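> I'll drop the sequence and a predicted model, then ask my questions.
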Amino acid sequence: MEKIIGLSLRRLTCFETGRIACFALLAAVWLIVSPATGQGTGNFESQHLQRLDEAAPDFLLRDPSGSVLSLSDLQGHPVILHFWATWCKPCREELPTLEALTHQMTDSGVILVAVAIDAEADAARVRRYAHDLGVSFPVYLAREGTISDRYWSWGVPVTYLIDPEGRLVARSLGPRNWATASMRALITQVATQD
Amino acid sequence: MNNSLIGLAVAAALSVTNATACDYCLISQGISPLLVQNGAGLKVAQRYTRLDNVYEGTDKVENPGVKEEYWATELSGFYGFSERFLLLVNVPLRKTRGDGELVEGPDGKPESEHMTGGATGLGDVSLLGRYTVFSRHTLDTSTLLAGVFGVKLPTGSTSQHSDQGEYLDAHLQPGTGSTDLLLGVSANHVLGRYSFSANLLGAITGEGETGNTRHRFGNSLNYDVTGKYRISPGIVGESSNELFLSLGVNGDYRRREKLDGDTVPDSGGNTIYLTPGIQYLAGSHWIFETTWQYAVYHDLNETQLGENYRLVASATYLF
């Protein structure tokens, strides 16, 4: 142990141990109260988002009217790609906050694509379920289109932020409140590729 | 991690001590032990440790009838202040039981000296911080490397007595009486249904008072490497519940202890465990897991009681 830590531990008294412990505690407090560092990664991390940097796999989804939506059609727009399921209780709490976000960012060019990954529930039931939650944005079903299950291999709800060039820039695991000023600022940052 | 001997004179004269129990296992081992999720949560864990084998170095020798058992109920709370920094508090309640104490007989072989007793009470509270120094996420993988630092406080009692009215051995006391510094590293990699974790947690121990002696447990290093596989569902989303199997190798290395400033020859050493486990995620809030840590290798200094196995079961609630 001494060799690993690289200290002369044999001479470490109880008092000295206490001093080191105090230093560790002070370091912990500093980490807690210090602001997120810098731009970009720091902003994402301060919001509990994982930073990604890779091309988003393309997809084809059909809306209730039968028209097709693909990721490549959305080039030039920032995209919020959200995955949920009717059996997922946290999703039920999160969807209304996405609805509120869309109303707050109507002029931003941001496009929300919400995909239900239900394997069994039929399309009518899924859309009725979303409607009952007050969701007005279109809801797509993963099994009605062509989309990689790599997107939700982490579970649901999971949400990706995609920049106007079609690159994944962040991932949100689990539910969150999207209708906040900090999230709007973050999405604006993605939109402007700042 | 406690100390106090059944009799200072006996312990000083005889070069055989009681067992080495793993105290930092409380916070350093299990399934992905140091990789608690971001956000906030509470965890309740129950641990049972049994020691009734005697070792001389790496050799198992006849046990003259000595046994120790440890139960620990731990309540842990954790809170992620950001994607990088997480704070964890661990509050253990300990129950110990010892039957007999190893001493060296006239022929040099270990003998059991009459002693029975145990203790119950609050153990030593630990405060740990984890700071992620490296993270890389892709659509399919996630890799994290974190530093861990903290302190174990002397909150547990160190003056409980055996049935014979003597102070219990330090290992059988609920607390250690010392303030210890904890330092470690934690690595984790997730690839689809597979995940791998590796952890090191070192403890730099201070000196504490146990009964009427000054005792210092040896500095220690806990280590583990664990692989985990999601057996159900094949694709997350098919079910709101997930089941994992895990297999790990973990161990404890501990330096010799000191009693009133003198090194105790029969203390410290290395024990390695093979650890299968099951983890069940029920919905979005509950995690249940159990592991069986079976000791497969002992390399203990001089003659000591060694651990047979540990059983750990826990339930975690994520807010």
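That came in fine, so what should we check first?
> from here on, contacts and neighbour counts on C-alpha atoms
Will do.
> Whatever residue of the stretch 101-250 of chain B ends up closest to chain A: how many residues sit nearby?
Closest approach between the stretch 101-250 of chain B and chain A, counting by Cα to the nearest Cα: B:G206, at 4.7 Å. A count of neighbours around B:G206, defined by other Cα atoms under 10 Å in any protein chain shown, yields 26.
> tell me which element it is part of?
Counting by DSSP states H and E, there is no helix or strand that carries B:G206.
> So for it, what's the pLDDT?
For B:G206, the model assigns a pLDDT of 94.
> With A:G166 instead?
Looking at A:G166, its pLDDT is 95.
> Repeat that for B:Y317.
pLDDT recorded at B:Y317 is 88.
> isn't it right up against B:A45?
No. In this structure B:Y317 lies outside contact range of B:A45 using Cα atoms under 8 Å: 11.6 Å.
> Looking at the two, which has the bigger crowd around it?
Counted by other Cα under 10 Å, B:Y317 and B:A45 do not tie: B:A45 has more neighbours, with 19 against 16.
> low pLDDT regions in chain A?
Low-confidence segments of chain A, defined by pLDDT under 70: A:1-42, A:194.
> For it, just list every one of the strands.
Under the criterion DSSP state E, chain A contains strands at A:50-55, A:60-62, A:68-70, A:79-84, A:111-116, A:139-141, A:158-162, A:167-173.
> Whether the first one contacts chain B - can you check?
What that stands for is strand A:50-55. Yes. Legend: contact between strand A:50-55 and chain B by Cα under 8 Å from any Cα of the partner chain is shown at A:50-54.
> And the residues you listed, which is closest to chain B?
A:L52 (5.7 Å).
> Please name the residues that touch that closest one.
A:L52 is in contact with A:168-171, B:136-139, counting by Cα atoms under 8 Å, 6 or more residues apart in numbering or on different chains.
> now do B:E69
B:48-51, B:96-98.
> Now the terminal residues of stretch B:183-199, how far apart.
This stretch, stretch B:183-199, spans 11 Å end to end (Cα to Cα, to the nearest Å).
> how far does that stretch sit from the chain's center?
The chain centre lies 19 Å from the centre of stretch B:183-199; the measure is Cα atoms, centre = their mean, to the nearest Å.
> any idea of the mean pLDDT for that stretch?
88.
> hmm, it touching chain A?
Yes. With Cα under 8 Å from any Cα as the criterion, chain A is reached by stretch B:183-199 at B:G192.
> Other residues contacting that stretch?
With Cα under 8 Å, 6+ apart as the test, stretch B:183-199 has contacts from A:153-154, B:28, B:32, B:34-35, B:140-150, B:200-203, B:222-231, B:234.
> Next one, pLDDT for B:L144 please.
B:L144 is assigned 87 on the pLDDT scale.
> Is it correct that the residue of the stretch 101-250 of chain B closest to chain A is in contact with B:S178?
Yes. B:G206 lies in contact with B:S178 (Cα under 8 Å); the separation is 5.2 Å.
> Near chain A, which residues of the stretch 151-300 of chain B are found?
Near chain A, when you scan the stretch 151-300 of chain B using Cα under 8 Å from any Cα, you find B:151, B:178-181, B:192, B:202, B:204-207, B:219-221, B:235-238, B:240, B:255, B:283-284.
> okay, now the domains of chain A?
A:2-33, A:41-191 (automatic domain parsing).
> tell me the most buried of the ones you listed?
Highest mean neighbour count of those: domain A:41-191, a mean of 18 (counted as mean count of other Cα atoms under 10 Å in any protein chain shown).
> Which elements pack onto the helix or strand hosting B:E56?
If you go by DSSP H and E, B:E56 is part of strand B:53-57. Here strand B:53-57 touches strand B:59-61, strand B:286-306, going by 3 or more Cα pairs under 8 Å, 6 or more residues apart in numbering or on different chains; DSSP states H and E.
> Next, the buried residues of the longest one.
In other words, strand B:286-306. Neighbour-count burial for strand B:286-306, counted by 16 or more other Cα atoms under 10 Å in any protein chain shown, picks out B:286-295, B:297-306.
> What is the neighbour count of B:D224?
Neighbour tally, B:D224, other Cα under 10 Å: 25.
> Give the rounded mean pLDDT of the host helix or strand of it.
Assigned by DSSP H and E, B:D224 belongs to strand B:220-232. For strand B:220-232, the mean pLDDT works out to 90.
> centre of the chain versus that strand, how much separation?
With Cα atoms, centre = their mean, you get 15 Å for strand B:220-232.
> If anything else comes up later, I'll come back, but that's it for now.
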